[in-house]
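J.: what shape does this take:
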Amino acid sequence: MSTADAASPGSLADKIDALFRIVRRPNREQFSHEEVARACREATGESFSATYLWQLRTGRRDNPTKRHLEALAQFFDVPVAYFFDDDQGAAIARELELLGALRDAGVRSVALRAVNLSPEGVNTISDMIDVLARRKGAGGARGDG
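T.: All right, here's what the predicted structure looks like:
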């Protein structure tokens, strides 16, 4: 899966799965289907089982109610447009991928160290990252970074 694919999940199942993979508990563990379904039931007052959520996440069901999607958006703290608007959904997915990457200790360390850099220094680091990403994309996985 390319970075572009990861940053723009297309199907509803892909979008829900991305939320589970990236948005985590403070201890970095994934939320369970049961606890998300319970929160959605409480938010909507409607039926919402862990099995139904699993079916949505795996693509076995793909026509939830608007209220169910609103409850999922509320639980995972994303705008409901993530589910309805392709452009906004792609932008939100990119932000989620960045948050997921920041969970990684090495990326977090670089980000924290960059806080003390001047704007020019941050731009230089950003340019270097772009060069490495292009080089990796052009030559495949070469272990450049």
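J.: on the three-state scheme, the residue nearest to the spatial centre of the chain is what?
T.: Nearest residue to the geometric centre of the chain (CA atoms, centre = their mean): residue 96, 3.3 Å. In three-state terms, and counting by DSSP: H, G, I helix; E, B strand; the rest coil, residue 96 is helix.
J.: isn't it right up against residue 16?
T.: No - between residue 96 and residue 16 there is no contact, the gap being 11.9 Å when judged by CB atoms under 8 Å. Yep, even glycine has a C-beta here, placed from its N, CA and C like the rest.
J.: for the nearest residue to the residue nearest to the centre of the chain once chain neighbours are set aside, what are its contacts?
T.: In this structure, residue 96 finds its nearest non-sequential neighbour in residue 22, 4.6 Å apart by CB to CB, 6 or more residues apart in numbering. Residues in contact with residue 22 (CB atoms under 8 Å, 6 or more residues apart in numbering) are 96-97, 99-100.
J.: sorry, back to before: residues contacting the residue nearest to the centre of the chain?
T.: With CB under 8 Å, 6+ apart, residue 96 has these contacts: 18-19, 22-23, 78.
J.: show me the shaky parts of the chain.
T.: For the chain, the stretches with pLDDT under 70 are 1-9, 103-108, 112, 138-145.
J.: mind redoing it with 80?
T.: Counting by pLDDT under 80, the chain has low-confidence residues at 1-9, 26-28, 99-116, 133, 136-145.
J.: quick one: the helices in it?
T.: Secondary structure of the chain (DSSP state H): helices located at 3-7, 12-22, 33-44, 50-58, 66-76, 81-84, 86-103, 105-114, 119-139.
J.: give me the buried positions along the second one.
T.: Of the residues in helix 12-22, those buried by neighbour count under the rule 16 or more other CB atoms under 10 Å are 12-20, 22.
J.: now swap in the last one and tell me
T.: In terms of neighbour count (16+ other CB under 10 Å), helix 119-139 has no buried residues at all.
J.: now do stretch 37-44: everything it contacts.
T.: Contacts for stretch 37-44 (CB under 8 Å, 6+ apart): 47-50, 52-53, 67-68, 70-72, 74-75.
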